[in-house]
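# Attaching a predicted model along with its sequence, questions to come.
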Amino acid sequence: QKRVTPFKDATIRNLKPESKRIVWWAEGMPGLGLRITPKGTKTFIYYYYYQSEKRYRTKTYGKYPVVSLADARARWAEDVVKLGFGEDPASEQIEANKQDRDVPSVKSLVDEYEEHLRIAGRKEQYIKSIIGYLRRDFVRLKGHKRVNKLTQADIREVNNEPLSRGSPGAAFEAWTHIRRVLNLSIKWYDGIKENPAIAVGRPAKKGTRTRVLSPVEIWRFWHGINNTEINPIIRAALKMMFVTLQRGSEVRQAEWCHLLENEPIWEVPDENAKNEIFHRVPLNRYALELINEMGSYTRASPYIFGISPFHKQKATPDRVDLNVMNHGALSENVIANYGDWGTAHFTPHDLRRTATTTLTGVGVPRFFVKMLLNHVDDDGATPIYDRYTYDYEKKKAAEAWAFTLDQILSAKTAQEVPAIIDLRIRLRKSKIMQG
């Protein structure tokens, strides 16, 4: 039996849901109805017969009370007039639904953007960096959602992820690329009308981090991580960053075939280097010990720091199913444990800055350290003609760093760790930088 009642606010508020979806029809307003789901959601609809296509159609006006009764009546009156002139009241809604179906998910959009960058001729390392920012939190949290359904709350949630990890710079970079890809999506898809990232605004200022661990914190980090229940591959990767001054991405992608057989050199291919410049990294005693340790875990895998999907790894050198370590594994483990190590907050990349600052502080020429970092000259022309690999300078810096670490880590307690000025005097007396 058809349910009919006068449509008044008090009446609508008191209509109860049933075990299945029902519709109440407005008395005196043909076709205007209120659909009620078993959970109690109430939606205004208009049910009509479209003569041109000889079929019945249903147009939704929206949920009550977001759409008021007065608004529903006004829309119904307009649609009755349209129908009288032979127009389909739902034509705009049908077109909007069609456009909505064409809108991709966030994951699909990022995949499309990656291909767009490749077609545009962007360098592979640049693409890897940009897409990495987008996939880490944006795709991970919102990858399933259609782009036109993204809200400001969604963007804020994504922004808060790197901020919670203590990485405002990463938050700024991620937001910048999210804003850019959403701007492009508006041009690519008719069903996307706005960019919520613009309304939210940047989550943090772009800036450079200045965090440097003191010699005492270096001592606490090194001895603390040795006594922490942490995946041995992740522990070794963090140490490798520190003892070689190389980036986390370069360490994570290091392969056994990149190690030279006849000399202690790790070659970083240009496709793995952030600046896409081939780099020869001298391996000091600390680095060689870490690599030797990894042989018990990853020797059958292509990757020196290859890891299993769930980071539950035992010493199994015959495993061939290990993959490149997830880019978040290093920072997540530092965040989870730095308090137990007795240091203030820091990120994995701060280890590289710490090693750089400490080396120059103890008297190693900045140019030597710059070469070990694989930083290029500001003069764009010189590197084109100067193809010298600066192995001597890099090796001296690596040896000086091993000596400095010896002096810091051999202290029996944190109170006995030498200060920078003392380390500088000891390095000068060692004559490592001479010859």
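That came through fine.
# how close does the most centrally placed residue in the chain get to Arg35?
For the chain, the residue whose C-alpha lies nearest the mean C-alpha position (C-alpha atoms, centre = their mean) is Arg136; its distance is 2.5 Å. Arg136 is 41 Å from Arg35, where distance means C-beta to C-beta, to the nearest Å. Quick note: C-beta positions are derived from backbone N, CA and C, even for glycine.
# What of Val281?
Computed with C-beta to C-beta, the distance linking Val281 and Arg35 is 67 Å.
# got it, and Asn275?
60 Å.
# more neighbours, these two?
Under the neighbour definition other C-beta atoms under 10 Å, Asn275 and Arg35 were set side by side, and Arg35 has more, 18 against 12.
# a strand runs through that one, doesn't it?
Yes - membership of Arg35 in a strand is supported by DSSP: H, G, I helix; E, B strand; the rest coil.
# isn't it right next to Val23, touching?
Yes - using C-beta atoms under 8 Å as the test, Arg35 is close enough to Val23 to be in contact (5.0 Å).
# and for these two, which residues touch both?
A shared contact of Arg35 and Val23, defined by C-beta atoms under 8 Å, 6 or more residues apart in numbering, is any residue touching both; here these are Ile45.
# Go ahead and confirm Phe346 touches Ser331.
No - using C-beta under 8 Å as the test, Phe346 is too far from Ser331 to be in contact (10.0 Å).
# Remind me which helix or strand Ile225 belongs to.
Assigned by DSSP states H and E, Ile225 falls within helix 215-226.
# Show me what that helix is packed up against.
If contacts are counted by 3 or more C-beta pairs under 8 Å, 6 or more residues apart in numbering; DSSP states H and E, helix 215-226 sits against helix 232-244, helix 329-341, helix 348-361, helix 391-409.
# Buried residues, it. List them.
By 16 or more other C-beta atoms under 10 Å, the buried positions in helix 215-226 come out as 215-222, 224-225.
# Quick one: the strands in the stretch 151-300 of the chain, in order.
For the stretch 151-300 of the chain, the strands defined by DSSP state E, counting those that start in this stretch cover 265-268, 279-282.
# Name the residues that touch the first one?
Outside strand 265-268, the residues that touch it by C-beta under 8 Å, 6+ apart are 244, 246, 250, 254, 258-260, 278-283, 287, 374, 391.
# Quick one: mean pLDDT for that strand?
Over the span of strand 265-268, the pLDDT mean works out to 95.
# these two touch, right, Val174 and Val158?
Careful, residue 174 is Ala; it's not Val. Yes - at 7.1 Å, Ala174 and Val158 qualify as touching, with contact defined as C-beta under 8 Å.
# what do the two both touch?
With contacts taken as C-beta under 8 Å, 6+ apart, the residues that reach both Ala174 and Val158 are 137-138.
# so where is the stretch 301-435 of the chain shaky, pLDDT-wise?
309-315, 377-387, 435 (pLDDT under 70).
# Could you count how many residues lie near the residue lying closest to Ser185 once chain neighbours are set aside?
Once flanking residues are discounted, Ser185 sits nearest to Ile192: 5.0 Å by C-beta to C-beta, 6 or more residues apart in numbering. By the measure other C-beta under 10 Å, the count of residues near Ile192 is 24.
# who's in contact with the closest residue in space to Lys39 that isn't next to it in sequence?
Spatial nearest neighbour of Lys39, chain neighbours left out: Pro17 (6.7 Å); criterion: C-beta to C-beta, 6+ apart. By C-beta under 8 Å, 6+ apart, the residues touching Pro17 are 36-40.
# how about Glu53, what does it touch?
Contacts of Glu53 by C-beta under 8 Å, 6+ apart are Asp88.
# One more pass at 6 Å, please.
By C-beta atoms under 6 Å, 6 or more residues apart in numbering, no residues touch Glu53.
# That one and Trp24, how far apart?
Relative to Trp24, Glu53 is positioned 27 Å away (criterion: C-beta to C-beta).
# Can I take it that Val4 is in a strand?
Yes - counting by three-state DSSP, Val4 is part of a strand.
# let's have the chain start at 257 instead
Yep, numbering from 257; the last one is Val260 now.
# ok, Val580 - how many residues close by?
Counted with other C-beta under 10 Å, residues neighbouring Val580 total 16.
# Regarding the protein, what is its longest helix?
Longest helix in the chain by number of residues (criterion: DSSP state H): helix 424-444.
# List the contacts of that helix.
Helix 424-444 is touched from outside by 365, 369, 386, 389-390, 394, 403, 415, 418-419, 448, 451, 453, 458-460, 462, with contacts defined as C-beta under 6 Å, 6+ apart.
# Inside helices: which ones of these?
Counting by DSSP H, the members of the contacts of helix 424-444 that fall within helices are 365, 369, 386, 389, 415, 418-419, 453.
# Please list only the buried members of those.
365, 369, 386, 389, 415, 418, 453.
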